[in-house]
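1. Pasted the sequence and its predicted model underneath.
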Amino acid sequence: MMKGFFQDSPYATLVLAISLLVSLTSGGSFLLMALAWVLLGVGLCALVFGNSGDPGYLKLFFLCFGVYLSYSFMIDLVKISDPYVDYFRYPDQKGFFDRASKLAEFGFVDMRHEAYEEFEYSELPLFSYFTGCIQRMANLIDGATLMHQKLHVAWFAAMCQVFVYGSIRVFFKQKESFRYACVYAFLGHFMFFSLVFLRDVHVAFLYYFCTYMVLAHKRVSYGVWLIPLLAWACMGLRFESGLFLAALYPVFLFLKFQHKVNTAFAVFAGVVMVGAVLVLGGYRSVSSSAERTLTRYEHYSVDGASSSSFGKKLYSLPWGARHLAIIGFNQMQPFPLWADFVPVSDESKSALAFPHAIAGIFWVCVWGGILFVVATRGRVFKKFPLSVLILFGMSLLLLYLMVSNADTRRMMAMYLPIYLVSVACYRVIGPSAKRVAWGSVGCLVVLHFVYWILLIGK
């Protein structure tokens, strides 16, 4: 089985070629790190999926890693001269690079103390320590660049697609699963966010790994101890994301042991383990992080929903309708589709961000299939696996909880269950699937027309 797993990985050459190209501007340390990340990716794929004998996992990993890294390097060449000053779309990247550079001045042991104890880094200690280590290792060889940091972002984005494929493979055949995974990898939001030096892709990786374990609970036993560890790690990236991820553990225990032990006992055990995660994370650090998070969210206003007047008008709707409208609007981001392109005077914006616009169109089509089936063949959901329905429900819950702080890069951590349900819905729709997809695009065009009218009427 393992022999077949390692066959046919032609896209490894793509990763090697782009790594060599980037090393011409970022130094030999980049090539060494790229090789290390490749080995880590191959090792993780083999460890989790090796017994399947399916070469699609490695093929998808190399393909996505190569494409994401190429796109990231292109943006770096065109838009970034000084990572302390220049940025593409998200100014937070400058702060993260500056933090990593400051931490890199310490030794690895002292760096950990700084990352976890100093207030400047304590909100995201694990991410600070991790990026600081990357920066220091590069400095010890020939100097760190922003591409050293973007390298691991591309890697985590690629590994997310591997778990997308693994999750789909739980229910569908190899060829069609690979096709669905490629569609998600290159038309979805990861194509754009794979180039941004932020922690959101890392958080999504932990979510997608846990989502896979929940969906494959019948043959995955290591989720009993691994999900709590990943939830604890996620708290070191973003506290509130780790807390929500910990809620997947009772779900896993329930699905895993529902026919073997009392259901109430399984859920109780899961709650106890979630409590253990909080203890392992350190009550004081967890509570202080929670306090900072709540304080920060209190300052979010209408402007947090959208930069467009269209998004702001949704807040004037009655309670209930307002929440549904905002959730729907948040799922259409970027809105308008040219939000990443204009104004041209904003140097952080560029037509090179076109994958984000493509992702916006794609995600509207994803929801179009779901809503069409809900409206016309709602009973079909009763046939969906319980694990899929529970995760889909949790995805909807997350969308609701993030109404006041909606951001695609944060919400995409739970997009996998939504996409899985959409795939199933389009399979139910059958021959009419293309018409439903084009109808979804048509609705998006109408909304842009309404937006244009509101803009003219200002």
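-> That came through, no problem.
2. rest of the way, CA atoms for contacts and neighbours
-> Fine.
3. Could you pull out the helices in the stretch 301-450 of the chain for me?
-> 309-313, 321-330, 354-376, 386-401, 408-411, 415-429, 433-456 (DSSP state H, counting those that start in this stretch).
4. could the ones you listed go into a markdown table alongside mean neighbour count, distance to S348 and mean pLDDT?
-> Formatted as a markdown table, the helices of the stretch 301-450 of the chain follow (neighbours: other CA atoms under 10 Å; distance: least, CA to CA, whole Å; pLDDT from 0 to 100):
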| stretch | mean neighbour count | distance to S348 | mean pLDDT |
| --- | --- | --- | --- |
| helix 309-313 | 16 | 21 | 61 |
| helix 321-330 | 18 | 22 | 80 |
| helix 354-376 | 20 | 13 | 94 |
| helix 386-401 | 18 | 27 | 91 |
| helix 408-411 | 18 | 17 | 86 |
| helix 415-429 | 21 | 26 | 95 |
| helix 433-456 | 15 | 23 | 88 |
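5. Minimum distance to C133: which of these has it?
-> Closest to C133 of those, according to CA to CA: helix 408-411, at 24.2 Å.
6. tell me the domain ranges of the chain?
-> 2-204, 217-299, 302-456 (automatic domain parsing).
7. give me the element the residue positioned nearest the centre of the chain is part of.
-> Closest to where the C-alpha atoms of the chain average out (CA atoms, centre = their mean) is A204, at 3.4 Å. Assigned by DSSP states H and E, A204 belongs to helix 200-215.
8. moving C-terminal of that helix, what's the next helix or strand?
-> Per DSSP H and E, the helix or strand that comes after helix 200-215 is helix 223-235.
9. Remind me what the very next helix or strand once past that next one packs against, helices and strands.
-> Helices and strands here follow DSSP H and E; after helix 223-235, the next one along the chain is helix 239-246. The contact analysis (3 or more CA pairs under 8 Å, 6 or more residues apart in numbering; DSSP states H and E) places helix 239-246 against helix 223-235, helix 283-298.
10. Out of those, name the one with the poorest average pLDDT.
-> When these are ranked by mean pLDDT, helix 283-298 comes last with a mean of 45.
11. so where's the protein uncertain?
-> For the chain, residues meeting the criterion pLDDT under 70 lie at 1-9, 119, 260-315, 319, 343-347, 404-406, 457-458.
12. change it to 80
-> The chain contains residues with pLDDT under 80 at 1-11, 118-122, 258-323, 341-350, 402-407, 454-458.
13. just to revisit the earlier point, turn the domains of the chain into a markdown table, including distance to T211.
-> Formatted as a markdown table, these follow (distance: least, CA to CA, whole Å):
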| stretch | distance to T211 |
| --- | --- |
| domain 2-204 | 8 |
| domain 217-299 | 8 |
| domain 302-456 | 8 |
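14. wait, which of the helices of the stretch 301-450 of the chain is closest to M159?
-> Of those, nearest to M159 by CA to CA is helix 415-429, at 13.2 Å.
15. so the closest one versus helix 354-376, what angle?
-> Helix 415-429 runs at 50 degrees relative to helix 354-376, counting by axes from the mean of the first three to the mean of the last three CA atoms, to 10 degrees.
16. which residues touch helix 415-429?
-> Helix 415-429 is contacted by residues 164, 168, 180, 208, 211, 366-367, 369-370, 373, 388, 391-392, 395, 433 when judged by CA atoms under 8 Å, 6 or more residues apart in numbering.
17. quick revisit: show me the one of the helices of the stretch 301-450 of the chain that comes nearest F73.
-> Comparing the helices of the stretch 301-450 of the chain by CA to CA, helix 354-376 comes nearest, at 14.9 Å.
18. what's the closest one in contact with?
-> Contacts of helix 354-376 (CA under 8 Å, 6+ apart): 187-189, 191-192, 331-335, 337-338, 340, 418-419, 421-423, 425-426, 428-429, 433, 436-441, 444.
19. what sits against the residue nearest to the centre of the chain?
-> A204 makes contact with C160, M412, A413, M414, according to CA under 8 Å, 6+ apart.
20. And L103, how far from G66?
-> Per CA to CA, to the nearest Å, L103 is found 29 Å from G66.
21. could you dump stretch 407-422 to CSV, C-alpha only?
-> Output in CSV follows, covering the C-alpha atoms of stretch 407-422 (Å, rounded to 0.1, in the frame of the first residue of the first chain):
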residue,chain,number,x,y,z
ASP,A,407,-13.4,38.3,7.9
THR,A,408,-13.0,35.6,5.3
ARG,A,409,-9.5,34.7,6.4
ARG,A,410,-10.8,33.9,9.9
MET,A,411,-14.1,32.2,8.8
MET,A,412,-12.4,29.9,6.2
ALA,A,413,-11.2,27.7,9.0
MET,A,414,-14.7,26.1,8.9
TYR,A,415,-15.3,26.4,5.2
LEU,A,416,-14.5,22.7,4.5
PRO,A,417,-17.8,21.3,5.9
ILE,A,418,-19.7,23.9,3.8
TYR,A,419,-17.8,22.9,0.7
LEU,A,420,-18.4,19.2,1.4
VAL,A,421,-22.1,19.8,1.7
SER,A,422,-22.1,21.9,-1.5
